[in-house]
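Asker: from the sequence below, what's the structure:
(chains A and B)
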Amino acid sequence: MAVDEQLKIEMGKQGVFVTTLQELYNWGRRSSIWPMQFGLACCAIEMIATTMARYDLARFGAEVFRPSPRQADMMIISGTVTKKMAPQVVRLYNQMAEPRYVIAMGACAISGGPFKQGYNVLKGIDRYIPVDVHIPGCPPRPEALLEAFMALQKKIDAQPLTGEGRPRHLDAEAPGEFPVPEQGAHDLEPAANKSVWTVPVVIR
Amino acid sequence: MSPVSFKLAEMESWNRPPVVEPHGEGELLEIAMGPHHPSTHGVFRMDLALDGERVVKLKPVFGYLHRNHEKLGEGHSYLASMPFTDRLDYFCSLTNNWAYALAVEKLAAQDVPERAEYLRVILAELTRFQNHASAIGFLLQEMGASGTPLMYAFREREKILDLFEALTGARMMCNYMRFGGCRVDASEDWLKQTRKVVAGLPAFVDEFEAFLQTNEIVMARCQGMGILRPELAVNAGVTGPMLRATGVNYDLRKVDRYGIYDRFKFRVPLGEHGDIYDRYMVRMLEMRESIGILEQALKDVPGGPVMDPKAKIRNFRPKVGEAYGRIEAPKGELGFYLISDGTGNPYRYRVRPPSLINLTVLEDMCLGQNVADVVLIFGSVDIVLGEVDR
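Answerer: Numbering: from 1, shown residues only, chains lettered A, B, ... in the order given. Got it, this is the predicted structure:
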């Protein structure tokens, strides 16, 4: 339940700050998203460039890159996920504590990108783990990554604490672990996590 | 001249890594470092056997970023493979472009106009500069200087990337060179801007040197660490700053004189001990030499076309044959080996990556060192996983 905007301004004039618990809670969460220090391929270099002085990710409270998944809130899939690497990516995601978010950065992480025809390239990490924000580009510019951060912040801001659409850590029924694929004879098994990803319908 | 004869036992002693005997009793600790490890520059795994802190055995595990470059190259036309070369060593896309263009030009006996040659040299040396600056930044980051030297390096890198973007339209994946020249011409404004940026580079190198060269921690952790012997380096096919740090004078810009490198005056910096500090120093000095080449090249860029008018881009079908084009990429000898069967696609498209071959001597450098120094030795090799696994 949001506070009436007009009331908020009126009270503000009298030196009283009015907010809801949800707003305060989400404000705290979105202002200190700690990403995981985790680079896969070319996009990782643009991710590093985003943290450097010119683009300065610290403005969004997200400059603290944690090497351990236990301390991270967000994972940036920055680059091509190969079939050899996919189980490890899912395992790292499982090790992160809730609330956790995923940004799929670049064409490869979304769909396999230019290497989609390759025999060893996963056609999108969203087959195994839920992705919150997709950024296209090969590689996306640092500005695009900042845009993704802002989109994620908006998403966190809009999350209610109860009821439908609440974050996963407040939802007892949300899955905590996602099955780690295994190397099969020809491909990863299973080829996709059915609860996360369904075969898209082609509209002709 | 008498034929060179090697004694088998001697050769074996070159080729085998030294055996490190564990002290005392008890079991060795086996750990897997990577593929997710903050120091592995991407996805690389080392299986280490440790005796306390000392490394007794090291097994590198490759393939976490295997993106089928060679197979994809066989399925694409010659021109369509050009964007894939950008993504091999994603720090230096322009030198990758050049090596591939050189191989195809050799295959098709294609000439390159003067102006395009100059532009290629300018772009390659800018690439070398930003690669070495970033490599030193990453090395220092692994030493514990979390971020600060890297910030200095990236400040300079952004300036150079702006130039790339202005000319080619992309910051990292430039896809700029073509068989017989370059894609678009550089404007007079761009050359002026480049001269301005190049004039500012020596101040950056001075600053970097003043901070790092005699820094106590850098000297303590780099000097005498990760020594590579010149015989082993030559035997293993190591190239680039890694090889020159051991004292072997081998720079393809001097040996092959590809492009127009015979017109420029520059020296090849050599190391003496082959340790991490020498590799760092060689990179630092190469940055200075690159500035020298840039100044000479930018002084008189000739006019004329950037593309040979007779060059064929669409429906390009070279005659049956094979060619190997190689250049001195920032990391070492980068070569492309192409076999043509007369069709539009290469029959075989093979990449000779410097990073992978420089990495093969990792175990020799790391044995007997502490596990904390393995991170540093690994960083001093300066690899990019996109090129190692391809």
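Asker: around chain B, pick out the residues from chain A.
Answerer: A:37-42, A:44-46, A:48-49, A:51-54, A:67, A:79-80, A:82, A:84-85, A:88, A:92, A:114-115, A:117-121, A:138-139, A:141 (C-beta under 8 Å from any C-beta of the partner chain). C-betas here are computed from N, CA, C, even on glycine.
Asker: which parts of the chain are strands?
Answerer: I'll assume chain A. Along chain A, counting by DSSP state E, strands occupy A:74-78, A:101-105, A:133-135, A:182-183, A:188-189.
Asker: chain B was what I was after
Answerer: Going by DSSP E, chain B shows strands at B:29-33, B:45-51, B:54-61, B:177-178, B:181-182, B:321-329, B:332-340, B:346-352.
Asker: how many degrees apart are the third one and strand B:29-33 in direction?
Answerer: If I follow you right, that is strand B:54-61. Put simply, strand B:54-61 runs at 40 degrees to strand B:29-33, going by axes from the mean of the first three to the mean of the last three C-alpha atoms, to 10 degrees.
Asker: show me what strand B:54-61 packs onto, helices and strands only.
Answerer: The contact analysis (3 or more C-beta pairs under 8 Å, 6 or more residues apart in numbering or on different chains; DSSP states H and E) places strand B:54-61 against strand B:45-51, helix B:362-366, helix B:371-381.
Asker: distance to chain A, mean neighbour count and mean pLDDT added to the ones you listed, as CSV?
Answerer: Putting these into CSV (distance: least, C-beta to the nearest C-beta, whole Å; neighbours: other C-beta atoms under 10 Å in any protein chain shown; pLDDT from 0 to 100) gives the following:
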stretch, distance to chain A, mean neighbour count, mean pLDDT
strand B:45-51, 9, 19, 88
helix B:362-366, 20, 22, 88
helix B:371-381, 12, 22, 89
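Asker: reformat those as CSV; add distance to B:L294.
Answerer: Shown next, in CSV, are these (distance: least, C-beta to C-beta, whole Å):
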stretch, distance to B:L294
strand B:45-51, 37
helix B:362-366, 32
helix B:371-381, 25
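Asker: what's the closest of the ones you listed to A:F17?
Answerer: helix B:371-381 (48.2 Å; C-beta to C-beta).
Asker: just the CA atoms of the closest one, as CSV, please.
Answerer: The C-alpha coordinates for helix B:371-381 follow below in CSV (Å, rounded to 0.1, in the frame of the first residue of the first chain):
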residue,chain,number,x,y,z
VAL,B,371,50.3,-21.1,-3.8
ALA,B,372,49.8,-17.3,-3.4
ASP,B,373,52.5,-16.7,-6.0
VAL,B,374,50.9,-19.0,-8.5
VAL,B,375,48.2,-16.4,-8.9
LEU,B,376,50.9,-13.8,-9.7
ILE,B,377,52.8,-16.0,-12.1
PHE,B,378,49.6,-16.8,-13.9
GLY,B,379,48.8,-13.1,-14.1
SER,B,380,52.2,-12.3,-15.5
VAL,B,381,51.6,-14.6,-18.5
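Asker: list the helices and strands it packs on?
Answerer: Short answer (3+ C-beta pairs under 8 Å, 6+ apart): helix B:371-381 packs on strand B:45-51, strand B:54-61, helix B:114-142, helix B:216-222, helix B:276-299, helix B:354-359, helix B:362-366.
Asker: could I get the ones you listed as JSON lines with distance to B:L28?
Answerer: Shown next, in JSON lines, are the helices and strands packed on helix B:371-381 (distance: least, C-beta to C-beta, whole Å):
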{"stretch": "strand B:45-51", "distance to B:L28": "5"}
{"stretch": "strand B:54-61", "distance to B:L28": "6"}
{"stretch": "helix B:114-142", "distance to B:L28": "25"}
{"stretch": "helix B:216-222", "distance to B:L28": "25"}
{"stretch": "helix B:276-299", "distance to B:L28": "25"}
{"stretch": "helix B:354-359", "distance to B:L28": "23"}
{"stretch": "helix B:362-366", "distance to B:L28": "15"}
